[in-house]
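*Asks:* structure for the following, please:
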Amino acid sequence: DVYKRQVEAVLQPVRDFNSNDIGALNFSAHALMHLDKSDQALFLFRWLTRLLPGQQVADIPMTRGLVTAALDAHREAEIQAVLKAPEPYPREELLEIARLLEVKDFEAALAAADSLKWRDTSGIAPYNVLAQVHLLAGQEDAAREVLEAALKRAPGNASANLKMAQLSRKAEDARAERAHYRAVLSAQRENLPALLSLAILEGREGDKDAREATLHEAADLNPMAQEPRLGLARYYLETGVPDRVAPLFSKLYELQQRSPRVMELFALAEMAQDRYDTAYEALSEMTRTVGGNAGQYHLLAMSASAVGKHEEASAALQKALELKPDHVPVLLTSARQREMAGDFEGMKPLVMQLEELAPDLPEVLRLRGIVAAQSGDVILALALSRQAHLGAGSTATGLQLAAFQRRAGQPERAK
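*Replies:* Got it, this is the predicted structure:
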């Protein structure tokens, strides 16, 4: 059991680097079943089901995606045997519940989950699994009843308290929500999900100091955990101290430091300090090795443009739009790029798309004014430009408004 408890810690850097690593997810799910955390195992099994459509999760080798070169056949068989699901809590039934949930057969899923409660009468996990299925079926009162029964048996149980906190949050009962986090932390002070959830609650309440303190506590008590450091990095970016971001990750494993979420925040911090060259290098390396999402390719485009690599910037914007065609910041940057190049015909379809997605955004109004002027409708261009300037006045909107006022025969207003 000691070794099984270490599985999550050992695999966490792998999952931080690639949240969809099949081997790490499968290994973690099986380890969790041995630790009375089968509701968390169920979550991972559902995730695997979505990552491997048409494949049977039960057939995934334990060693898939992991380094196995040093393992001979005997050792690999030993790993498989050790991670065999415990008899009172068969893996096959959890996988069947996961399958039923995916096809939204909640009645059958509830029946299967309820049967687990009678198989394993000593643990809390069967209650948490049943409550999770009730929640997914939209049966909150039934879920609450099951969770209350679980907490009578184990008042500090993390999964049950976190689910109860979820229900309290939905009911806008912050006091009860906080009480459930405190119950977890009284039993397990370093519990990371409870600390992170408490920090989110403090953020919602506007208590920035408490939020920062809780994130620091989470980081101190979980020295190799990435999540609290990501939260602190976002906080430092929000509060204008980007120089404090990079040191947050310096003691993590190299694999964690190279994860996309860390690299994104590092790049944002570097750009906030006008160090576009290091941001560009970091984002280039990240996208080349592990790829990225639309927002990360957008950051790459911005940093590439800032260091004069305009072809790379255009390529990054194109990739971002391929990943998410309706990404407003990417569309805005693409439209501005064409505006600066004088490519008003190329800008027009982008502005039309932005008009549908964010018609009242001041920058969209400004761009719409340019398109209207190019079409010869100076009156509409003037109205849109005035609206943009009133919404978010800047040198650019002021100059554009003045230009259209001159074209509309209003030289004094332009002056």
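*Asks:* C-alpha from now on. contacts and neighbour counts both.
*Replies:* Will do.
*Asks:* for stretch 126-143, C-alpha coordinates in CSV please.
*Replies:* The C-alpha trace of stretch 126-143 is given here as CSV (Å, rounded to 0.1, in the frame of the first residue of the first chain):
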residue,chain,number,x,y,z
PRO,A,126,-18.7,3.0,-2.9
TYR,A,127,-20.6,6.0,-1.4
ASN,A,128,-18.6,8.5,-3.4
VAL,A,129,-19.0,6.5,-6.6
LEU,A,130,-22.8,6.4,-6.1
ALA,A,131,-22.9,10.1,-5.2
GLN,A,132,-20.9,10.9,-8.3
VAL,A,133,-23.4,9.0,-10.5
HIS,A,134,-26.3,10.8,-8.8
LEU,A,135,-24.7,14.1,-9.5
LEU,A,136,-24.1,13.3,-13.1
ALA,A,137,-27.8,12.2,-13.4
GLY,A,138,-28.9,15.5,-12.0
GLN,A,139,-30.2,14.0,-8.7
GLU,A,140,-28.6,16.4,-6.2
ASP,A,141,-30.8,15.5,-3.3
ALA,A,142,-30.1,11.8,-3.6
ALA,A,143,-26.4,12.6,-3.9
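*Asks:* so for that stretch, mean pLDDT?
*Replies:* Stretch 126-143 carries an average pLDDT of 95.
*Asks:* with stretch 209-228 instead?
*Replies:* The average pLDDT within stretch 209-228 is 96.
*Asks:* list the buried residues for it?
*Replies:* 210-212, 214-219, 224-228 (16 or more other Cα atoms under 10 Å).
*Asks:* restricted to helices, list these.
*Replies:* Secondary structure from DSSP state H places 210-212, 214-219, 227-228 of the buried residues of stretch 209-228 in helices.
*Asks:* quick one: stretch 144-159 to chain centroid distance?
*Replies:* Its chain's C-alpha centre and that of stretch 144-159 lie 28 Å apart, by Cα atoms, centre = their mean, to the nearest Å.
*Asks:* what's in contact with it?
*Replies:* Stretch 144-159 has contacts (Cα atoms under 8 Å, 6 or more residues apart in numbering) with 37, 39, 124, 127-128, 130-131, 160-161, 163-164, 167, 183-188, 191, 194.
*Asks:* mind doing that once more with 6 Å?
*Replies:* Residues lying outside stretch 144-159 but in contact with it, judged by Cα atoms under 6 Å, 6 or more residues apart in numbering, are 131, 160, 183-184, 187.
*Asks:* before we move on, what about stretch 227-243?
*Replies:* 215, 218-219, 245, 248, 269.
*Asks:* would you turn those into JSON lines with distance to residue 173?
*Replies:* Output for these, formatted as JSON lines (distance: Cα to Cα, whole Å):
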{"residue": "215", "distance to residue 173": "22"}
{"residue": "218", "distance to residue 173": "24"}
{"residue": "219", "distance to residue 173": "27"}
{"residue": "245", "distance to residue 173": "33"}
{"residue": "248", "distance to residue 173": "33"}
{"residue": "269", "distance to residue 173": "35"}
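*Asks:* and the furthest pair within the buried residues of stretch 209-228?
*Replies:* Using Cα to Cα, the buried residues of stretch 209-228 span at most 21.8 Å, a distance reached by 210 and 224.
*Asks:* and the contacts of stretch 227-243, which is closest to residue 389?
*Replies:* Checking these against residue 389 by Cα to Cα gives residue 269 as the nearest, at 29.1 Å.
*Asks:* how close does the closest one get to residue 246?
*Replies:* Distance of residue 269 to residue 246, computed by Cα to Cα, to the nearest Å: 8 Å.
*Asks:* tell me, what residue is most central in this protein?
*Replies:* Nearest to the geometric centre of the chain sits residue 261, at 8.5 Å (Cα atoms, centre = their mean).
*Asks:* dump the C-alpha coordinates for stretch 180-195 into PDB.
*Replies:* What follows is stretch 180-195, C-alpha atoms only, in PDB (Å, rounded to 0.1, in the frame of the first residue of the first chain):
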ATOM      1  CA  HIS A 180     -16.300  21.200   4.000                       C
ATOM      2  CA  TYR A 181     -12.800  22.400   2.900                       C
ATOM      3  CA  ARG A 182     -11.800  22.900   6.500                       C
ATOM      4  CA  ALA A 183     -13.100  19.400   7.400                       C
ATOM      5  CA  VAL A 184     -10.700  17.900   4.800                       C
ATOM      6  CA  LEU A 185      -7.800  20.000   6.000                       C
ATOM      7  CA  SER A 186      -8.400  19.200   9.600                       C
ATOM      8  CA  ALA A 187      -7.800  15.500   8.700                       C
ATOM      9  CA  GLN A 188      -5.200  16.100   6.000                       C
ATOM     10  CA  ARG A 189      -3.600  19.500   6.200                       C
ATOM     11  CA  GLU A 190      -1.700  19.100   2.900                       C
ATOM     12  CA  ASN A 191      -4.700  18.000   0.800                       C
ATOM     13  CA  LEU A 192      -4.100  19.700  -2.500                       C
ATOM     14  CA  PRO A 193      -7.700  19.700  -4.000                       C
ATOM     15  CA  ALA A 194      -9.100  21.200  -0.800                       C
ATOM     16  CA  LEU A 195      -6.400  23.900  -0.600                       C
END
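*Asks:* noted, bye for now.
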